[in-house]
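Undergrad: Sequence plus the predicted model coming up.
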Number of protein chains: 2
Amino acid sequence: MRQKVTLKQIAKELDVSISTVSKALKDSVEISLDTRQKVKAFAKLYNYKPNNIALSLKNKKTKTIGVIIPEIVHHFFTTVIGGVEKVANEKGYNVIICSSNNSFDKEVINLEMLASGSADGFILSVAKETQLKKDYHHIEETMSQGMPVVLFDRIIDEIVCDKVIIDDAKGAQTATNHLLTLGCKKIAILTTVDYISVGKLRTNGYLRALRAYDVPENEGYILKIEDIDNCESEISEFLKDKDVDAVFAVNELFAVTATKVLKEHGKIVPDDVSVIGFTDGILSKHFIPSLTTISQHGEEMGVRAAKLLIDKLEGDDSVTEEYKTVIIDTSLIQRQSTKKKEV
Amino acid sequence: MRQKVTLKQIAKELDVSISTVSKALKDSVEISLDTRQKVKAFAKLYNYKPNNIALSLKNKKTKTIGVIIPEIVHHFFTTVIGGVEKVANEKGYNVIICSSNNSFDKEVINLEMLASGSADGFILSVAKETQLKKDYHHIEETMSQGMPVVLFDRIIDEIVCDKVIIDDAKGAQTATNHLLTLGCKKIAILTTVDYISVGKLRTNGYLRALRAYDVPENEGYILKIEDIDNCESEISEFLKDKDVDAVFAVNELFAVTATKVLKEHGKIVPDDVSVIGFTDGILSKHFIPSLTTISQHGEEMGVRAAKLLIDKLEGDDSVTEEYKTVIIDTSLIQRQSTKKKEV
DNA sequence: TATTCACACGCAAACGTTTTCGTAAGGTTA
DNA sequence: TAACCTTACGAAAACGTTTGCGTGTGAATA
């Protein structure tokens, strides 16, 4: 089992100094052509690769971006990662992904671990627990130590840094508008509890759309779901005997579940009730009926976040002091689950 | 913007040597209680965290596991990652995830990058292109340099290392058996081209089940799909006017698409045709009808893979020389898409 | 008073790299 | 032949840790 070969070993074998080997591999004119060739041939033969760790230590740079997301098993987040990777690889950066599993503690541990040498900067979507706890010391600490952070999707308003978000309220308004223009008046919303920032914003957008259309809002049409894993019974109970002609769900799972529940209640989507979701994931695309939804353009978010971060990492101080918030446009993807109401 | 604080800085501030600081923080008896307390207080105040890079360089260990998967936007792989993370974090390891995007080149680049200092060992599922190309030099190189590799799911028989797989053929046989016991005789299979190892194995399992039941195999019932992204038209064409009473799909997407297509052709799943899939993902669970499928227990695969790797990393040489192949049991998850045939 | 010893701490090497600067050998010029 | 220049290379520092060993100080012992 051949061990990794180092400059020192090459130097010893060839009976030259370490610095000569290093320079030869870099094609320095300081070294004679003859020696250069000899060294390079040897290095190639032994498959020499510079040790990144040593380089990181020397350069005080790891050329690595840390990404921390609440859940790894989540289509939206993985599309974002795809975007980050794309940009990162182009620019010669590596990407480390960690999941916080929506736990505050794990988010702190992961961030501190990566911050102590493994990554130059971070792209982060905060855990549910963190939003609830409102404890952001770890993020602020990281930034105060000179490591830039870009927040995306589940962001924190109080933290001053680069951010990439969608206009959740606007997206929700677009969705609700779509239902309204289809002729729906009794529009229910399936949303999350308020401490989830995006849930709250989407609820706001829904309400805004109703007001703009002079449709009276009705508390009875709003369901705030806490336990996502057991949403089915809750949604079923909520929709039972409720006379609605449309449902706006703030995520894919709620949309699918609503459609399923409505079917069980003997209602046909989209003929009796239109359903619109949020997030353009696998489910929306392949469900029957396929779901009209609001696309968040996850990959684009990743791309923009990575660009912001790399700008900070490579920029001079003038760039460093200025923070941007990029708002990605959402778009309405019309599919089969919504339909104009027959009058 | 406070920079990261180092031992050197603490030493300077407190007017002691670096080694004193290091030892004090480690509660060494060599250092007086007084100094220890002073140093620790100072370190806490300035939020000192040892630099992982320096530690990695010194210890020749990164305490990091590299995971390379073909696609990040893929439910099965993310569940595996979940399992890996669980074990890794318990044992004090960090996890770096990279995706090869099914590209051979990117797989090589990622592996070499991580191998040159960023990770101690690897958990890897090879890219499609790699399976096609049959070029495994990068993996063998990595192992020959002393870094253990655990292959999972899409493995390579020729490489001698730890492996975690499911018995794909057996799983497929179970699936097909299920259909046969339901009374189906005309069972179509939607599979992949043969160079995808798991596709081929599943096809074999299907054939084996048929033989065991003395059902003649029929080439016309086998569809090998190359272009997964455009499988719908292919499947539609294939199933059109075909008199089948069951479909076995080797992945979730094929199963869903088949169900959709059958519906368009006026057939009802499961009444007219039973459909069974492979991989227990989001789609299978939430589709209507929900899909009977074979679960691969992704998280369990991740757990086992991580354990194998860490055993190698921490074991003495006796462990190092012995390679295991763990076969995870698949299980049949019965849902709504399959149904006993009425006679 | 001379020797020994525990205590508390510092020195220096090592990990693998890059890079600045110094310098020996040989050749060229005056 | 002396002064200088070029070529080709080596020494050493630096990045931040850990750790074995050396050592100065003061006190206890003989």
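TA: It's in.
Undergrad: contacts and neighbour counts: CA atoms only from here.
TA: Will do.
Undergrad: domain ranges for chain A?
TA: Domain ranges of chain A: A:7-50, A:62-165+A:298-328, A:168-296, per automatic domain parsing.
Undergrad: For DNA strand D, which of these is the nearest?
TA: Nearest of those to DNA strand D, taken as C-alpha to the nearest atom of the strand: domain A:7-50 at 3.3 Å.
Undergrad: Tell me what the residue in the stretch 151-300 of chain A that DNA strand C sits nearest to is bridged to.
TA: Closest contact between the stretch 151-300 of chain A and DNA strand C, by C-alpha to the nearest atom of the strand, is at residue A:162 (30.2 Å). Assessed by DSSP bridges, residue A:162 has beta-bridge partners residue A:150.
Undergrad: Next, the contact list for it, please.
TA: Contact analysis of residue A:162 by C-alpha atoms under 8 Å, 6 or more residues apart in numbering or on different chains lists A:149-151, A:308-309, A:323-326.
Undergrad: Just the buried ones from those residues, in ChimeraX syntax?
TA: Of these, the buried ones go into a single ChimeraX selection, burial set by 16 or more other C-alpha atoms under 10 Å in any protein chain shown:
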select /A:149,150,151,308,309,325,326
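Undergrad: okay if I get the contacts of residue A:162 as JSON lines plus pLDDT?
TA: Shown next, in JSON lines, are the contacts of residue A:162 (pLDDT from 0 to 100):
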{"residue": "A:149", "pLDDT": "97"}
{"residue": "A:150", "pLDDT": "98"}
{"residue": "A:151", "pLDDT": "98"}
{"residue": "A:308", "pLDDT": "97"}
{"residue": "A:309", "pLDDT": "97"}
{"residue": "A:323", "pLDDT": "95"}
{"residue": "A:324", "pLDDT": "96"}
{"residue": "A:325", "pLDDT": "97"}
{"residue": "A:326", "pLDDT": "97"}
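Undergrad: Please convert the contacts of residue A:162 to JSON lines, extending it with distance to residue B:230.
TA: Formatted as JSON lines, those follow (distance: C-alpha to C-alpha, whole Å):
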{"residue": "A:149", "distance to residue B:230": "39"}
{"residue": "A:150", "distance to residue B:230": "36"}
{"residue": "A:151", "distance to residue B:230": "35"}
{"residue": "A:308", "distance to residue B:230": "35"}
{"residue": "A:309", "distance to residue B:230": "35"}
{"residue": "A:323", "distance to residue B:230": "42"}
{"residue": "A:324", "distance to residue B:230": "39"}
{"residue": "A:325", "distance to residue B:230": "37"}
{"residue": "A:326", "distance to residue B:230": "34"}
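Undergrad: any idea how far residue A:194 is from the residue of the stretch 151-300 of chain A closest to DNA strand C?
TA: 24 Å (C-alpha to C-alpha, to the nearest Å).
Undergrad: Give me every residue in chain A lying close to chain B.
TA: Counting by C-alpha under 8 Å from any C-alpha of the partner chain, the residues of chain A close to chain B are A:1-4, A:49-54, A:56-57, A:72-75, A:78-79, A:81-82, A:95-98, A:116-118, A:144-146, A:256-257, A:260, A:282-283, A:286-288.
Undergrad: The same query, at a cut-off of 7 Å, please.
TA: Residues of chain A lying near chain B by C-alpha under 7 Å from any C-alpha of the partner chain: A:1-4, A:49-54, A:57, A:72-73, A:75, A:78-79, A:95-98, A:116-118, A:144-146, A:283, A:287.
Undergrad: near DNA strand C, from those residues?
TA: Of the residues in those, proximity to DNA strand C by C-alpha under 7 Å from any atom of the strand holds for A:49-51, A:54, A:57.
Undergrad: Now go through these and say which are in helices.
TA: In this view, these that belong to helices under DSSP state H are A:54, A:57.
Undergrad: among the ones next to DNA strand C among the residues of chain A next to chain B, which ones are buried?
TA: Buried, going by 16+ other C-alpha under 10 Å: A:49-51, A:54, A:57, out of those.
Undergrad: and of those, the nearest to chain B?
TA: Nearest to chain B, judged by C-alpha to the nearest C-alpha, of these is residue A:51 at 5.2 Å.
Undergrad: Show me the contact partners of whatever helix or strand residue A:86 lives in.
TA: Using DSSP states H and E, residue A:86 falls within helix A:75-90. Residues from elsewhere that reach helix A:75-90 (C-alpha atoms under 7 Å, 6 or more residues apart in numbering or on different chains): A:72, A:94-95, A:281, A:298-303, A:306-307, B:72-73.
Undergrad: Tell me the buried residues in it?
TA: A:75-88.
Undergrad: Now render those as TSV, adding pLDDT.
TA: TSV is the format used below for the buried residues of helix A:75-90 (pLDDT from 0 to 100):
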residue	pLDDT
A:75	93
A:76	94
A:77	95
A:78	93
A:79	95
A:80	97
A:81	95
A:82	94
A:83	97
A:84	97
A:85	93
A:86	94
A:87	97
A:88	95
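Undergrad: In JSON lines, list the residues you listed along with distance to residue A:184.
TA: Shown next, in JSON lines, are these (distance: C-alpha to C-alpha, whole Å):
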{"residue": "A:75", "distance to residue A:184": "30"}
{"residue": "A:76", "distance to residue A:184": "29"}
{"residue": "A:77", "distance to residue A:184": "32"}
{"residue": "A:78", "distance to residue A:184": "34"}
{"residue": "A:79", "distance to residue A:184": "32"}
{"residue": "A:80", "distance to residue A:184": "33"}
{"residue": "A:81", "distance to residue A:184": "37"}
{"residue": "A:82", "distance to residue A:184": "37"}
{"residue": "A:83", "distance to residue A:184": "36"}
{"residue": "A:84", "distance to residue A:184": "39"}
{"residue": "A:85", "distance to residue A:184": "41"}
{"residue": "A:86", "distance to residue A:184": "41"}
{"residue": "A:87", "distance to residue A:184": "42"}
{"residue": "A:88", "distance to residue A:184": "45"}
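Undergrad: From start to finish, how long is stretch A:11-31 in a straight line?
TA: Stretch A:11-31 end-to-end distance (C-alpha to C-alpha) = 14 Å.
Undergrad: distance between it and the chain's centre?
TA: How far stretch A:11-31 lies from its chain's middle: 45 Å, per C-alpha atoms, centre = their mean, to the nearest Å.
Undergrad: same question, stretch A:180-195
TA: 25 Å.
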